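> Predicted structure and sequence below. I'll ask about it afterward.
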Amino acid sequence: MLASIGAAQGERPEPVEYAQLVVRQQIIVRMPARLKPGAPSPRQVEWKEGKGPKCVPARSIAGTTLLGRDSVDLILRNNSRIRAKLENSCPALDYYQGFYISPNPDGMICADRDAIRSRVGGQCEIERFRSLKPEPAD
C-alpha cells in the first residue's frame, strides 16, 4: 500500500510503504503410546508411586505408555518414569493410541497448567506428576 506525505503543500509526494509481518510458532509433541515388540508389559511390573516434580522438560520425554483413562506414564530419556495423573477421564486416549502435548515457550510441561490432547481434539488437564520406582512382582 502506498501513501503520499506532504502532497497537500504542493511538494512532490514521497511514497511510504506499509508492511505487516505476523510470526507464529507452535510446537506440538506427538506421543505415540505403543509398546515395542518384546518389551515387558507395564502390568508385569509393579510401580510404586512417589512424590513427583511440578514440571517435566518436554525434551526429556522419550516415550509413553497408557494405563487407563486417568493416567499416562512418561518414559524419560534417562529410563526413569513419571506418571501424569489427569483431572478427568480421557476416553479417547486409549482408543486412538496416542496424544499430543503442547509445551509452553519455557519448554516445560507442568501440572495444573498444561493438558494432554487426544488425537480427536479432547483435552485432559494434568493434575499432578508422580515419580515411579519399579518393585519386584510377587
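That came through fine.
> ranges for the strands of the chain?
Along the chain, counting by DSSP state E, strands occupy 2-5, 14-17, 29-32, 46-51, 55-57, 61-66, 71-76, 81-86, 98-101, 108-110, 115-118, 123-135.
> Run through the protein and note the low-pLDDT ranges.
Low-confidence segments of the chain (pLDDT under 70): 1-10, 18-43, 91-97, 137-138.
> again, 50 this time
Residues of the chain that meet the criterion pLDDT under 50 lie in 1-5, 35-36.
> ok, back up a step: okay if I get the strands of the chain as a markdown table plus mean neighbour count?
Backbone N, C-alpha and C define where each C-beta goes, glycine included. Formatted as a markdown table, the strands of the chain follow (neighbours: other Cβ atoms under 10 Å):
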| stretch | mean neighbour count |
| --- | --- |
| strand 2-5 | 10 |
| strand 14-17 | 9 |
| strand 29-32 | 12 |
| strand 46-51 | 12 |
| strand 55-57 | 18 |
| strand 61-66 | 17 |
| strand 71-76 | 19 |
| strand 81-86 | 20 |
| strand 98-101 | 20 |
| strand 108-110 | 19 |
| strand 115-118 | 18 |
| strand 123-135 | 16 |
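> What is the end-to-end distance of stretch 112-126?
For stretch 112-126, the first-to-last residue distance is 6 Å (Cα to Cα, to the nearest Å).
> Contacts for that stretch, please.
In this structure, residues lying in contact with stretch 112-126 by Cβ atoms under 8 Å, 6 or more residues apart in numbering are 72, 84-93, 96, 98-104, 109-111, 127-128.
> wait, isn't Leu74 in contact with Pro57?
No: between Leu74 and Pro57 there is no contact, the gap being 10.7 Å when judged by Cβ atoms under 8 Å.
> Now for these two: what residues contact both?
Between them, Leu74 and Pro57 share no contacting residue, judged by Cβ under 8 Å, 6+ apart.
> Send me stretch 74-84 as PDB with only the CA atoms.
Written as PDB, here are the backbone C-alpha positions of stretch 74-84 (Å, rounded to 0.1, in the frame of the first residue of the first chain):
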ATOM      1  CA  LEU A  74       6.000 -40.700  30.600                       C
ATOM      2  CA  ILE A  75       9.200 -42.600  29.900                       C
ATOM      3  CA  LEU A  76      12.200 -40.200  30.200                       C
ATOM      4  CA  ARG A  77      15.400 -40.400  28.300                       C
ATOM      5  CA  ASN A  78      17.300 -41.400  31.500                       C
ATOM      6  CA  ASN A  79      15.000 -44.500  31.600                       C
ATOM      7  CA  SER A  80      13.100 -43.200  34.600                       C
ATOM      8  CA  ARG A  81       9.300 -42.900  34.600                       C
ATOM      9  CA  ILE A  82       6.800 -40.300  35.700                       C
ATOM     10  CA  ARG A  83       3.100 -40.800  35.900                       C
ATOM     11  CA  ALA A  84       0.900 -37.900  34.700                       C
END
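> Done for today, thanks.
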